[in-house]
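Colleague: sequence and predicted structure below; questions after.
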Amino acid sequence: MIWVDADACPVKAEIEAVATRHRAPVRMVSNGGIRPSSNPLVEMVYVAEGPDEADKHIADQAGPGDVVVTNDIPLAAKCVAAGARVIKPNGEALTTANVGGALAARDLAADLRAADPFRQGGGRPFGKADRARFRDGLERAIRAAALDAG
């Protein structure tokens, strides 16, 4: 199963294409506002309004043999701890070896933003190279997850 933190996910089309090639079921989890897919492998899961409701649902469901797509580092940490494979939309895999560092970097960045209200944004645009890296990373994660489940 591929679990997608779908509300702000920029790679939904890429997920659907790779999942279709692998015949892997996908659950797009959101608070609503996401257009349903006609692909029979893609199920829309709508959770209650509120902060982190989609994250809570995914964290409660994901485990060995699953792939989770998210940019949310605390969610990624929970899913890695549960045995799922986690990949960010930029193609970076989060694992037991690097998710702790990612959490620390996230917390540091939040502290820096809180200390300097003018320090906002600054991220680079999401481009074709990012999408290609994601597709490659998702291919690897699906193959590895299949071994985890086997």
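Modeller: Cool, the structure landed.
Colleague: how far off centre is the lengthiest helix in the chain?
Modeller: Criterion DSSP state H: the longest helix present in the chain is helix 128-149. Helix 128-149 sits 12 Å away from the centroid of its parent chain (CA atoms, centre = their mean, to the nearest Å).
Colleague: can you show me the strands along this protein?
Modeller: Assigned by DSSP state E, the chain shows strands spanning 2-5, 26-30, 42-46, 67-69, 85-87, 93-94.
Colleague: by mean pLDDT, show me the worst of the ones you listed.
Modeller: Mean pLDDT values for these show the minimum at strand 93-94, a mean of 92.
Colleague: could you measure from E16 over to E139?
Modeller: Look at E16 and E139: by CB to CB, to the nearest Å, they are 14 Å apart. For every residue, glycine as well, the C-beta is placed using N, CA and C.
Colleague: G33 now?
Modeller: 29 Å.
Colleague: pLDDT value on P89, please?
Modeller: For P89, pLDDT reads 94.
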